[in-house]
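K.L.:
Predicted model and sequence below, questions to follow.
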Amino acid sequence: MNRMRAALGMFVADVFASMPRKDQRAKGDCYLRGLMLDGRRKSIQPMAQRLPDGDMQALQQFVSQSPWQWTPVRRRIAERLVEVVRPEVWVIDDVSFPKCGRASVGVARQYCGALGKRANCQVAVSVHAATDTASCPLEWELFLPEEWADDTQRRKAAGVPDEVGHVTKPRLAVGLLDRLAGWLPSVPVIVADCGYGRSVGFRLALEERGWSYVVAVEPKEIARPTGAEPHQPPYKGLGPPTLPRYREPARPLRDLIDSDTRFEDITWREGSKGSMTSRFAVLEVRPSGKEASRAAQEHAGGRSRWDGVLPVRTLLVEQPAKATEPTAYWMTNLPATTPIADLVRWAKMRWRIEHDYRELKHGLGLDHFEGRTWRGWHHHVTLVTAAQAFLTLRRYDPKARTAA
């Protein structure tokens, strides 16, 4: 325990170096120990009671009122973790925190993943670095529902900055990625579920930045085979010339899979019950629909310049051996020549995030914070991220003692 305490002290001195005062760094060290010690509840009062140097009032002031900036702390955590973990992907996801009442910042009746239904909760968007063996959160953003945008009374009570308004989750995710791209040397493949993958605007934003992605999409999304070619209808002399059209109608992704589609068995990792294997196929498609066409048109520079040719994207499809139809779809801007085993492994690497949330919530008290303010929420999330980062770095330490 003494060796661990010394390692934690060095970690705190590094990641909390941006805090201007020594007593702030000391409280940060104390708070991290409270999060990592045994105990069912990780809110401030029970943590202060368990800690020999715990002062509930001082910890409360440090988290909820102290003006220290969380962004430099998160940046240093991200820099340290990326150096050690060397992520293959960044995973975008969101997590919910059930709440009672209306005063907690960002709380509203919305879909709550923790409960599997609409409920009163907070929702946060996060970006995680992940490999097959490790993962850790890098950056967070609290989602502010639309009802909070113009509610001056609640915003003032919760201390929401004036420049913060309602932003959709895909746009929040792009903002997080932009921030991380400015901090870190490179951006790996970006992975997300269909909550983000269904947004053509989100996918186009990643492409405009030159980033590769593998994102889940819904089977009802429509597309055309890559061989579909547009034709130019004859001009009849009335109005502007007609834009090129496709003779072949767009179809849902599920309808593009037929008996000629070649599936192959791919094993992507070893699970607790053996190898995880399923059947996958790779196709090239042209995403269609109004949103896809509008995005392609705007990207080409306007209606008059668009030539009607929709971009080709790679579609990864999963259909287990005993299934009668595909069960999952992923869209990517990586070429179809990319090894299918790599595409599958990256797409499936999102499972690591569930480990993160389980440790963050059940082990480190991510959802135990009882404060209501914008500053308090961001301070608590930053400290929980620091605690999880310390544990992740310990797991990578070759000298760490582990069970046989």
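P.N.:
Thanks, I have the structure now.
K.L.:
From here on, just use CA atoms for contacts and neighbour counts.
P.N.:
Noted.
K.L.:
So, low pLDDT: which residues of the stretch 1-150 of the chain?
P.N.:
Along the stretch 1-150 of the chain, segments meeting pLDDT under 70 span 1.
K.L.:
Going by residue numbers, what spans are strands in it?
P.N.:
Applying DSSP state E, counting those that start in this stretch to the stretch 1-150 of the chain gives strands spanning 89-98, 108-112, 117-130, 135-142.
K.L.:
The stretch 301-404 of the chain now?
P.N.:
313-318, 328-332.
K.L.:
Give the pairing partners of the longest one; include direction for each.
P.N.:
If I follow you right, that is strand 313-318. Strand 313-318 has its sheet partners listed here by DSSP bridges as strand 274-287 (antiparallel), strand 328-332 (antiparallel).
K.L.:
I'd like the mean pLDDT over that strand, please.
P.N.:
In this model, strand 313-318 carries a mean pLDDT of 95.
K.L.:
related to what we said a few turns ago, out of the strands paired with strand 313-318, the one nearest Tyr357 is which?
P.N.:
Among the strands paired with strand 313-318, the nearest to Tyr357 by CA to CA is strand 274-287 (21.9 Å).
K.L.:
tell me the mean pLDDT for that closest one?
P.N.:
91.
K.L.:
buried ones in it?
P.N.:
Ser278, Arg279, Phe280, Ala281, Val282, Leu283, Glu284, Val285, Arg286, Pro287 (16 or more other CA atoms under 10 Å).
K.L.:
Next, give phi and psi for Pro87.
P.N.:
Dihedral pair for Pro87: phi -70, psi 140, per degrees, to the nearest 10.
K.L.:
For Gly237, the count of nearby residues, please.
P.N.:
The number of residues packed near Gly237 is 7, by other CA atoms under 10 Å.
K.L.:
And Ala328, by the same measure?
P.N.:
17.
K.L.:
Val63 and Val95, how far apart?
P.N.:
21 Å (CA to CA, to the nearest Å).
K.L.:
and the two? which has more neighbours close in?
P.N.:
For Val63 and Val95, the more surrounded residue by other CA under 10 Å is Val63, and the numbers stand at 24 against 15.
K.L.:
dump the residue contacts of the more buried one.
P.N.:
Arg375, Gly376, His379, His380 (CA atoms under 8 Å, 6 or more residues apart in numbering).
K.L.:
Which single one of those is nearest to Thr267?
P.N.:
Of all the contacts of Val63, Thr267 sits closest to His380, with 38.8 Å by CA to CA.
K.L.:
what's the pLDDT at the closest one?
P.N.:
Looking at His380, its pLDDT stands at 96.
K.L.:
can I assume it is in contact with Phe369?
P.N.:
Yes - judged on CA atoms under 8 Å, His380 makes contact with Phe369 at a distance of 7.0 Å.
K.L.:
out of those two, which sits in the busier spot?
P.N.:
Neighbour count, other CA under 10 Å: between His380 and Phe369, His380 has more, with 24 against 17.
K.L.:
got a list of what the more buried one touches?
P.N.:
Val63, Leu366, Phe369.
K.L.:
ok, so what distance separates it from Leu59?
P.N.:
When distance is defined by CA to CA, His380 is 11 Å away from Leu59.
K.L.:
the longest helix in the chain is where?
P.N.:
In the chain, assigned by DSSP state H, the helix with the most residues is helix 374-396.
K.L.:
those helices in the protein, which residues are they?
P.N.:
Counting by DSSP H, the helices of the chain are 2-15, 22-36, 44-50, 56-64, 70-85, 152-158, 169-183, 194-197, 200-208, 289-300, 340-348, 351-358, 374-396.
K.L.:
Near His378, how many other residues are there?
P.N.:
19.
K.L.:
Would you mind measuring from the closest residue to it other than its chain neighbours to Arg209?
P.N.:
Closest residue to His378 apart from its sequence neighbours, by CA to CA, 6 or more residues apart in numbering: Trp70 at 7.1 Å. To Arg209, Trp70 is 26 Å away according to CA to CA.
K.L.:
Over to Leu35?
P.N.:
Distance from Leu35 to Arg209, counting by CA to CA: 37 Å.
K.L.:
These two: which has the busier surroundings?
P.N.:
Leu35 (23 against 9).
K.L.:
how about that one, what does it touch?
P.N.:
Going by CA under 8 Å, 6+ apart, the list of residues near Leu35 reads Lys42, Met47, Gly363, Leu364, Gly365, Val384, Ala387.
K.L.:
repeat that with 6 Å
P.N.:
Counting by CA atoms under 6 Å, 6 or more residues apart in numbering, Leu35 touches Lys42, Leu364.
K.L.:
thinking again about what came up before, closest to Val214 out of the buried residues of strand 274-287?
P.N.:
Val214 lies nearest to Val282 out of those, by CA to CA, at 12.5 Å.
K.L.:
Distance of the closest residue to Arg25 other than its chain neighbours relative to Thr382?
P.N.:
Distance criterion CA to CA, 6+ apart; nearest residue to Arg25, sequence neighbours excluded, is Phe16 at 6.2 Å. As defined by CA to CA, Phe16 lies at a distance of 11 Å from Thr382.
K.L.:
between the two, who's got more neighbours?
P.N.:
Phe16 (27 against 22).
K.L.:
hmm, back to that, nearest to Gly271, out of the helices of the chain?
P.N.:
Of the helices of the chain, nearest to Gly271 by CA to CA is helix 351-358, at 11.1 Å.
K.L.:
Could you export that closest one as CSV, CA atoms only?
P.N.:
Provided in CSV are the C-alpha atoms of helix 351-358 (Å, rounded to 0.1, in the frame of the first residue of the first chain):
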residue,chain,number,x,y,z
TRP,A,351,-17.3,-4.0,-26.4
ARG,A,352,-14.4,-2.7,-24.4
ILE,A,353,-16.4,0.4,-23.6
GLU,A,354,-18.9,-1.6,-21.6
HIS,A,355,-15.9,-2.6,-19.3
ASP,A,356,-15.1,1.1,-18.9
TYR,A,357,-18.6,2.1,-17.9
ARG,A,358,-18.8,-0.9,-15.5
